[in-house]
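Build me a structure from this.
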Amino acid sequence: MSSGHLRLIAARIINEVTEGRSLSDCLDSALRTITDARDRAFVQAVCYGVCRYYTRLDVILSHLLTKPMKAKDSDVHALLLVGLYQLMAMRIPEYAAVTETVNATDKLKKSWARGLTNAVLRGYLRQRETIEQEVQDDAEARYAHPEWWINAIKKAWPDHWQEILEANNAHPPFSLRVNQQHLARDKYMETLRLLNHKAHSIPETHSGIILETPVSTAELPGFSAGDVSVQDGAAQLAAELLDLEAKQYVLDACAAPGGKLTHLLEIEPGLSAVTAVEKDKLRMVAIKENLARLKLSAKCICHDAGDVENWWDGQLFDRILLDAPCSASGVVRRHPDIKLLRQPEDIRRLAGEQAYLLDSLWPLLKPGGLFLYVTCSIFPEENVHVLKRFFASHSDAQEEQLKVSWGLPVEIGRQILPGMHHMDGFYYALLRKAEVSRQPAA
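You can find the predicted model right below:
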């Protein structure tokens, strides 16, 4: 496949993302058409890079254009960003980046695009230092986030906002979870060492490892046998907080893709039953694939977890894990397209959905049982604020203090910020249902 065609594929993917599709969905379908592994890696690197630095690239482009692009030419706009990203951040000879990006315009059937692309990219090379200096005064360019996102983080975390923005633009670590039903973490790390893979443990977890150089799962020793799974360290904390014991009944609501589900099954193989609920049919496939690889079993139900009366069999649960749908503002470094897809109004909508799920699932918990509320969000509107409203209307709910050293203590629960402990941003709050309901104060 020609280099120009690869750049055009990347531009089309970026264009689709700006229209509202997720990067992973766009990439999955596009990469199936590319046979060469190096070509696939190139397209993926370009797409992730452009999404990560989209607002910065867009501001730079505005300095190079005499007038804004028309909406009907969004494909050319995306290709220009692809070209600029290569020159700004990739180890590609400048002449190759310019020539092949210009050649990609031939398939757009817009004859004028060739001259514009050539002029913009060569203009950037001539004016690079001046333009880079000028855009430093633009917050969207400097921090590579939409302005509303920058302001929201400043408001939520006035003492940490710059570190959060920087962490969001960093490449995430390649984190693993060792299946300790198969072998100890130290034993697996020794196996990695013998294969010349540099790794270190994640001390806040019992099973976590960071591999210094990412590899495909096919190259991970014991992956197909279920010895190890790919999972961020912060996500590994969920199962460890549930205080699992044999004979318990456990619910994992909103269970896809199954990382936390399989982890709790690994931690306590003596559980009486585990129910996994997920409303997305495609994501349910991922749950079943993870269970099969690890040779674990759970009762899988494809349904809206909050629509309790249409899936629940009446058996109360000792433990409930709710990994609630959220803005995903804590995992931007893994999914940089989130910065393009999320809108300010989404936060309030998602907070409503989180409250709905909490209210719906709480009656399914046994008295004395534990309910773990989790999001991969850093916005208090989805975390502490949701829990405060919940406690105000549920007299039988009480916070179970998290006796841990990781993260930051907040009004309710604990918050891990992106990059903290080499982890993604996650929020955790543990709730216990009173054995006897307390009467509200008069």
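
quick one, helices of the stretch 251-400 of the chain?
In the stretch 251-400 of the chain, helices defined by DSSP state H, counting those that start in this stretch lie at 259-267, 281-293, 338-341, 344-361, 384-393, listed in chain order.

if we look at the longest one, which residues are touching it?
Contacts with helix 344-361, where a contact means C-beta atoms under 8 Å, 6 or more residues apart in numbering, come from 148, 152, 251, 253-254, 305-308, 320, 322, 324-327, 371, 373, 375, 377, 379, 381-382, 385-386, 389-390, 393. Heads up, the C-betas are built off the backbone N, CA and C, glycines and all.

what's the longest strand in the chain?
The strand that spans the most residues within the chain, counting by DSSP state E, is strand 365-375.

quick check: mean pLDDT across that one?
For strand 365-375, the mean per-residue pLDDT is 98.

Now it - C-alpha only, PDB.
What follows is strand 365-375, C-alpha atoms only, in PDB (Å, rounded to 0.1, in the frame of the first residue of the first chain):
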ATOM      1  CA  LEU A 365     -27.600  -5.400  48.100                       C
ATOM      2  CA  LYS A 366     -28.000  -7.500  51.300                       C
ATOM      3  CA  PRO A 367     -28.000  -5.600  54.600                       C
ATOM      4  CA  GLY A 368     -24.400  -5.400  55.700                       C
ATOM      5  CA  GLY A 369     -23.200  -5.800  52.100                       C
ATOM      6  CA  LEU A 370     -20.700  -3.600  50.300                       C
ATOM      7  CA  PHE A 371     -21.300  -1.600  47.200                       C
ATOM      8  CA  LEU A 372     -18.300  -0.200  45.300                       C
ATOM      9  CA  TYR A 373     -18.900   2.800  43.100                       C
ATOM     10  CA  VAL A 374     -16.200   3.400  40.500                       C
ATOM     11  CA  THR A 375     -15.700   5.800  37.600                       C
END
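
Mind giving me the packing neighbours of it?
Counting contacts by 3 or more C-beta pairs under 8 Å, 6 or more residues apart in numbering; DSSP states H and E, strand 365-375 is packed against helix 233-241, strand 317-323, helix 344-361, strand 426-433.

and Met88, which of those is closest to it?
helix 344-361 (27.8 Å; C-beta to C-beta).

what sits against the residue nearest to the spatial centre of the chain?
Compute the mean C-alpha point of the chain, and by C-alpha atoms, centre = their mean the closest residue is Val331, 3.7 Å away. Neighbouring residues of Val331 by C-beta under 8 Å, 6+ apart: Asp232, Ile338, Cys376, Pro418, Asp424, Gly425.

Out of those, which two sit at the greatest distance?
Once C-beta to C-beta is applied, these give Asp232 and Ile338 as the farthest pair, at 14.9 Å.

So Leu65 is in contact with Thr117, correct?
No: Leu65 is beyond contact range of Thr117, at 11.4 Å (criterion: C-beta atoms under 8 Å).

Compare neighbour counts for these two and give me the winner.
Thr117 (22 against 14; other C-beta atoms under 10 Å).

in the strand or helix carrying that one, what's buried?
Here Thr117 sits within helix 111-134, counting by DSSP states H and E. By neighbour count on 16 or more other C-beta atoms under 10 Å, the buried set for helix 111-134 is Ala113, Arg114, Leu116, Thr117, Asn118, Val120, Leu121, Tyr124, Ile131.

Just the CA atoms from it would do, formatted as PDB, please.
Listed next in PDB are the C-alpha coordinates belonging to helix 111-134 (Å, rounded to 0.1, in the frame of the first residue of the first chain):
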ATOM      1  CA  SER A 111      -7.300  19.400  -7.700                       C
ATOM      2  CA  TRP A 112      -6.800  22.600  -5.600                       C
ATOM      3  CA  ALA A 113      -6.000  20.500  -2.500                       C
ATOM      4  CA  ARG A 114      -2.600  19.500  -3.800                       C
ATOM      5  CA  GLY A 115      -1.300  23.000  -4.000                       C
ATOM      6  CA  LEU A 116      -2.800  24.000  -0.700                       C
ATOM      7  CA  THR A 117      -1.300  21.000   1.100                       C
ATOM      8  CA  ASN A 118       2.100  21.600  -0.300                       C
ATOM      9  CA  ALA A 119       2.000  25.300   0.600                       C
ATOM     10  CA  VAL A 120       0.700  24.700   4.200                       C
ATOM     11  CA  LEU A 121       3.300  22.000   5.100                       C
ATOM     12  CA  ARG A 122       6.300  23.900   3.500                       C
ATOM     13  CA  GLY A 123       5.000  27.100   5.200                       C
ATOM     14  CA  TYR A 124       5.100  25.300   8.500                       C
ATOM     15  CA  LEU A 125       8.700  24.200   7.900                       C
ATOM     16  CA  ARG A 126       9.800  27.700   7.100                       C
ATOM     17  CA  GLN A 127       7.900  29.400  10.000                       C
ATOM     18  CA  ARG A 128       8.000  26.600  12.600                       C
ATOM     19  CA  GLU A 129       9.800  28.400  15.400                       C
ATOM     20  CA  THR A 130       7.800  31.600  15.000                       C
ATOM     21  CA  ILE A 131       4.400  29.800  14.900                       C
ATOM     22  CA  GLU A 132       5.300  27.500  17.800                       C
ATOM     23  CA  GLN A 133       6.200  30.600  19.800                       C
ATOM     24  CA  GLU A 134       3.000  32.400  18.900                       C
END
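
starting at the chain centroid, how far to it?
Computed by C-alpha atoms, centre = their mean, to the nearest Å, the chain-centroid distance of helix 111-134 equals 33 Å.

same check, this time on stretch 258-270
20 Å.

List the contacts of Thr101.
Gly4, Arg7, Leu79, Val82, Gly83, Gln86, Thr117, Leu121.

at 10 Å instead, please
3-4, 7-8, 10-11, 79-80, 82-87, 92, 117-118, 120-121 (C-beta atoms under 10 Å, 6 or more residues apart in numbering).

cool, and Ile287?
Contacts of Ile287 (C-beta under 10 Å, 6+ apart): 252, 255-259, 261-262, 276-278, 280, 298, 300, 302.

How many residues are close by the closest residue to it other than its chain neighbours?
For Ile287, ignoring the flanking residues on the chain, the nearest one in space by C-beta to C-beta, 6 or more residues apart in numbering is Gly258 at 3.9 Å. Gly258 has 27 neighbouring residues, counting by other C-beta under 10 Å.

Could you tell me the phi and psi values at His200?
Per-residue torsions, His200: phi -140, psi 160 (degrees, to the nearest 10).

Tell me how many other residues crowd it.
For His200, the neighbour count with other C-beta under 10 Å is 13.
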